[in-house]
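J.: structure for the following, please:
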Amino acid sequence: MLDSLTFLLEKLFLLANFHVFKKSWPADECAPKTAAATAPPFRRGDLLEVQRTLFVHFGIYLGDNKVAHLMPDIMPVLTCDQKIISTVVTNKRLILGCMYRNASVRVDSVEDFAYGAPVLVNDMDRRMKTPAISNEEVARRAEKLIGTIPYSLLWNNCEHFVTYCRYGAPVSQQTEKFCTCLKMAIRDQRSVLLTVLLGVMSIVYFGLAPSTTLPTIFIPFTLWMAG
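T.: Numbering: from 1, shown residues only. Reported below is the predicted structural model:
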């Protein structure tokens, strides 16, 4: 039951972070990506963040134009060719990797990490209550975690990785924001009426059966009690 709930929440988180009304959608996945122009010099251990299509993506700068970041990717599931796997992870590969829950801490160039977006440096320092540890220790922690790693969109994502490396505790402000929005939706009693309406529509469309009737009763009741 808990695994099913986590799976559902992860998919909701993925959908909630889609910028549906974004004015400019990124170019085709095959188009070359360029790093942000006139970017300031980075120091080893800096926390870098960029805006991806779905969410803000984070990494740790290792020096020599290299960034360690926890990146979901479907390609290692489909092929063992390291040349293909090592190329920049496109948004399509990333989304499928999230759904399959396959990810690794990998090292890419700043250009591939940036994916054409401006790079922010240590911007999270002003939002975190815990002070950052030394930059060299941050980089060493990131290097120790390079390789395949368990992944969860809610509980172990790229933000958890960088906050563990830089602040010593894995947290995700994006996840917290999503959970807050989810709590608000659950507490809003209009969600009960909406689930009842959807349940009745499923009964009308698919017919009266345990697979349609039980969710129509159980889900609104659970939302009502939770609210």
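J.: can you give me the strands for this protein?
T.: 47-51, 56-63, 66-72, 103-109, 120-121, 147-148 (DSSP state E).
J.: low pLDDT regions in the chain?
T.: 1-40, 178-179, 181-183, 185-189, 191-192, 218-227 (pLDDT under 70).
J.: next, give phi and psi for the most far-flung residue of the chain relative to its centre.
T.: Relative to the C-alpha centroid of the chain, counting by CA atoms, centre = their mean, residue 208 is the outermost residue, at 38.2 Å. Torsion angles at residue 208 (phi, psi; degrees, to the nearest 10) stand at phi -80, psi 110.
J.: how close does it get to residue 199?
T.: 11 Å (CB to CB, to the nearest Å). (C-beta placed from N, C-alpha, C; glycine too.)
J.: where along this structure do the helices fall?
T.: Using DSSP state H, the helices found in the chain span residues 2-16, 75-78, 82-85, 91-100, 110-114, 135-144, 158-167, 173-187, 190-206, 210-226.
J.: which positions in the third one come out as buried?
T.: By neighbour count with 16 or more other CB atoms under 10 Å, helix 82-85 contains the buried residues residue 85.
J.: the most centrally placed residue in the chain and residue 47, how far apart?
T.: The residue lying closest to the centre of the chain (CA atoms, centre = their mean) is residue 153, at 5.0 Å. To residue 47, residue 153 is 20 Å away according to CB to CB.
J.: cool, residue 100 as well?
T.: Counting by CB to CB, the gap from residue 100 to residue 47 is 27 Å.
J.: over to residue 148?
T.: Relative to residue 47, residue 148 is positioned 22 Å away (CB to CB).
J.: more crowded one of the two?
T.: residue 47 (26 against 11; other CB atoms under 10 Å).
J.: so what's the residue lying closest to residue 104 once chain neighbours are set aside up against?
T.: Once flanking residues are discounted, residue 104 sits nearest to residue 148: 4.6 Å by CB to CB, 6 or more residues apart in numbering. Going by CB atoms under 8 Å, 6 or more residues apart in numbering, residue 148 touches 76, 103-104.
J.: chain neighbours aside, what residue packs nearest to residue 172?
T.: That would be residue 159: by CB to CB, 6+ apart, it lies 4.1 Å from residue 172.
J.: now that neighbour: how far from residue 56?
T.: 8 Å.
J.: what's the overlap in contacts for the two?
T.: residue 174.
J.: tell me which of these two has more neighbours.
T.: residue 159 (23 against 17).
J.: isn't that one right up against residue 174?
T.: Yes: using CB atoms under 8 Å, residue 159 is in contact with residue 174, at 5.9 Å.
J.: mutual contacts of those two, please.
T.: Counting by CB under 8 Å, 6+ apart, the residues touching both residue 159 and residue 174 are residue 56.
J.: show the contacting residues for the residue nearest to residue 63 when sequence neighbours are not counted.
T.: Distances taken as CB to CB, 6+ apart place residue 44 nearest to residue 63, at 4.1 Å, with adjacent residues excluded. When contacts are counted by CB under 8 Å, 6+ apart, residue 44 touches 61-63, 135-136, 139.
J.: list the contacts for residue 93?
T.: Taking CB under 8 Å, 6+ apart, one finds 73-75 in contact with residue 93.
J.: gap between residue 49 and residue 174?
T.: 11 Å.
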